[in-house]
Each structure stands twice: as C-alpha cells, then as structure tokens.
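>>> How does the following fold in three dimensions:
(one chain, ligands or ions: 1)
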Amino acid sequence: MSDRRSDGRPARESVSVLELDDVHVRHGGSHILQGVSFEVPATGVTALLGRNGVGKTTTLKAIIGLAPRTGRILLQGKEIQSMTTSRIVRGGIGYVPEDREVFGGLTVDENLRLVDPDQGVDAPVVGRLFPDLVARRGQRAGTLSGGQQQMVSLARVLLRENALLLIDEPTKGLAPKLVTEVADVLAEVARTTPVLLVEQNLPLVRRIADRVVVLDAGTVVHRGAAADLVADADLTRELLGVSMRREGAA
Ligand SMILES: Nc1ncnc2c1ncn2[C@@H]1O[C@H](COP(=O)(O)OP(=O)(O)OP(=O)(O)O)[C@@H](O)[C@H]1O
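Numbers count the residues shown, from 1 in each chain. You can find the predicted model right below:
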C-alpha cells in the first residue's frame with residue numbers, strides 16, 4: 001500500500017468525518033470485504049476506486065447499514081456499525097445509490113416531498129443546483145432521462161443536512177454532456193459537504209476528487225492524492241486496469 005502525495009506529507013490532511021476500521025462483509029459463502037480500513041476527511045471529495053467487483057458498492061452499503069458488516073465504522077467519532085440504516089441516515093449520512101431509486105410513477109415534486117413535505121422542489125437548494133427540476137416539477141420521474149433522474153436522486157439527499165454523502169457511480173450510463181452537468185453539481189455540493197464517491201470516470205475523478213482510496217479483492221491497496229494517481233499512467237493501469245488516454249472527458 002502507498003500513501004503518495006507530491007509534497008511527501010501523508011495523505012491525511014484534515015480531521016476525518018468517517019473512519020472504517022477492519023470492516024468485513026460476508027454474503028453467504030463469499031467474503032467480500034476482507035478488512036477494509038480508511039478515513040474520509042471532513043472536506044472535499046474522496047473517490048473510492050477499483051476494478052469491477054472489488055467491493056466498492058458493498059463498502060458504501062456497509063457504511064449505510066445495507067450490508068451485514070463487522071468491524072468498526074465511526075461517523076464524526078461515533079460508532080455506527082450496529083445502527084439501522086434509518087438511524088444512520090438521521091445521524092447525517094446521505095446515500096445516492098447506483099440505481100437512483102426514484103419513484104417513476106410520482107412527479108419530480110412528489111419525489112422530493114417524500115423527504116421534505118413542506119418544500120419539495122421549492123427548497124432553495126433545488127432552485128440553486130437543479131433549475132431543470134424546478135421546470136419539470138410536474139413531470140413523472142419515470143419519464144425523465146437517466147441524467148435527470150440522477151439529479152432527482154441527488155436533490156433528494158440534499159434536502160437534508162448531511163455530515164457526509166455517499167454517492168455511487170452517479171455518471172454511469174450518462175451522455176458526456178450530462179456527465180459534465182453531474183460533475184458540476186458534485187463539485188458545488190462538495191464545497192460544503194464531504195463526499196465519498198464511487199466513480200469509474202477517471203477524468204471526472206481528476207477534476208473533482210481530492211484524494212483516492214483504491215480497493216482490490218475486498219481490501220485497500222492504495223490511498224493518496226487523486227492528482228498523483230491520475231497523473232501516473234503505470235499506477236492507474238496497475239490498480240484500475242485502465243489507461244487515461246482511453247477515457248472520455250468529464
Ligand atoms: N448480496 C450479495 N450476495 C452475494 N454476493 C454479492 C452481493 N452483493 C455483492 N456481491 C458480490 O460482491 C462482490 C463485490 O460487489 P460490489 O458490487 O461491491 O463491487 P463493485 O466494486 O461495486 O463493482 P462494480 O464496479 O461492478 O459495481 C462481487 O463479486 C459481487 O458479485
């Protein structure tokens with residue numbers, strides 16, 4: 001494992017909002033997370049990277065209580081590994097799952113009012129970050145594009161005060177223009193709320209992530225500055241099996 005920063009200092013640059021200590025997840029006979037330990041600093045974007053199937057989504061699910069886990073998970077210094085998902089959410093973690101989970105039969109506004117009955121689409125944060133959703137307030141969410149559904153899913157978690165956001169592959173399957181729009185929103189959100197982001201798009205990681213944690217086969221194999229990893233073609237190929245030159249723009 002390596003902690004690379006261009007200035008040679010360790011990658012822990014601020015107080016952590018989240019800490020995982022020797023977290024294991026087993027599903028049936030499969031040992032999926034095999035002692036995952038890392039910290040998420042209280043500012044900016046931490047990208048959780050790795051090849052397909054290494055346990056990135058499972059790590060987010062373990063944090064939010066949707067996968068059976070052992071080990072210690074601390075949110076702002078408080079142990080949460082035994083809490084239910086609803087308590088963890090109330091405790092300040094917002095989760096945007098990979099499949100977005102919008103209610104297709106409900107309008108945009110109705111989807112948001114499930115979280116904030118008083119304001120829904122009229123909440124200031126929605127007007128500021130998602131003007132397109134305000135314009136589409138009466139449209140059924142099931143008829144929105146993938147990018148617009150991603151915005152609904154993001155807007156929904158932002159209606160609460162969050163100490164930390166977990167966001168799973170928000171740009172998966174989106175056209176390049178929408179990838180850029182989602183990246184812009186994430187960059188804006190991360191100015192006020194730390195984000196743990198699972199993302200395969202390396203140009204996007206380079207643009208908005210401050211640091212990376214790389215998983216392989218259920219363990220952490222690299223931690224460090226995002227810029228250092230993305231600038232190192234050999235390391236990205238070794239850890240992620242991709243070359244930056246083949247990736248699309250964010
Ligand atoms: N509920 C489950 N039961 C059994 N195996 C599971 C379950 N959930 C995930 N797995 C397995 O755990 C491994 C890790 O899955 P996970 O979705 O966390 O990987 P990932 O790194 O997010 O992959 P991807 O990039 O493809 O989304 C995979 O082999 C997957 O098949």
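>>> For residue 151, which three-state class applies?
Following DSSP: H, G, I helix; E, B strand; the rest coil, residue 151 is assigned to helix.
>>> Name the nearest residue to it, ignoring sequence neighbours.
Spatial nearest neighbour of residue 151, excluding adjacent residues (C-beta to C-beta, 6 or more residues apart in numbering): residue 130 at 5.1 Å. C-beta coordinates here come from the backbone N, C-alpha and C atoms, glycine included.
>>> What are the neighbouring residues in contact with the one you found?
Counting by C-beta atoms under 8 Å, 6 or more residues apart in numbering, residue 130 touches 151, 154-155, 185.
>>> Could you check the pLDDT of it?
The per-residue pLDDT reported for residue 130 equals 93.
>>> low pLDDT regions in the protein?
Segments of the chain classed as low confidence (criterion: pLDDT under 70) are 1-14, 243-250.
>>> Near the ligand, which residues of it are found?
Of all the residues in the chain, those in contact range of the ligand (C-beta under 6 Å from any ligand atom) are 27-28, 30, 32, 50, 52-58.
>>> Show me the two of the residues you listed that sit farthest apart.
In terms of C-beta to C-beta, these reach their longest pairwise distance at 28 and 50, which sit 21.5 Å apart.
>>> What's the local residue count around residue 180?
17 (other C-beta atoms under 10 Å).
>>> that older thread, sort out which of the residues of the chain next to the ligand are in helices and list them.
The helices in this structure, assigned by DSSP state H, contain 56-58 from the residues of the chain next to the ligand.
>>> and which of these is nearest to residue 213?
Within the set of those, residue 56 lies nearest residue 213; the separation is 9.4 Å, counting by C-beta to C-beta.
>>> and the closest one, how many residues sit next to it?
Residue 56: 24 neighbours (other C-beta under 10 Å).
>>> Which residue comes closest to residue 141 once chain neighbours are left out?
Of all residues beyond its chain neighbours, the one nearest residue 141 is residue 102 (4.3 Å), with distances taken as C-beta to C-beta, 6+ apart.
>>> cool, and residue 187?
Setting aside the residues directly before and after it, residue 187 is nearest to residue 208 in space (C-beta to C-beta, 6+ apart), at 4.7 Å.
>>> how far away is that neighbour from residue 70?
The spacing between residue 208 and residue 70, counted by C-beta to C-beta, to the nearest Å, is 32 Å.
>>> quick one, helices of this structure?
According to DSSP H, the helices that the chain contains are 56-64, 85-90, 108-113, 124-129, 131-135, 146-158, 176-189, 202-208, 226-231, 233-240.
>>> Reformat those helices as JSON lines; add distance to residue 36.
Supplementary listing: those in JSON lines, determined by distance: least, C-beta to C-beta, whole Å:
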{"stretch": "helix 56-64", "distance to residue 36": "6"}
{"stretch": "helix 85-90", "distance to residue 36": "17"}
{"stretch": "helix 108-113", "distance to residue 36": "32"}
{"stretch": "helix 124-129", "distance to residue 36": "31"}
{"stretch": "helix 131-135", "distance to residue 36": "35"}
{"stretch": "helix 146-158", "distance to residue 36": "23"}
{"stretch": "helix 176-189", "distance to residue 36": "23"}
{"stretch": "helix 202-208", "distance to residue 36": "19"}
{"stretch": "helix 226-231", "distance to residue 36": "18"}
{"stretch": "helix 233-240", "distance to residue 36": "15"}
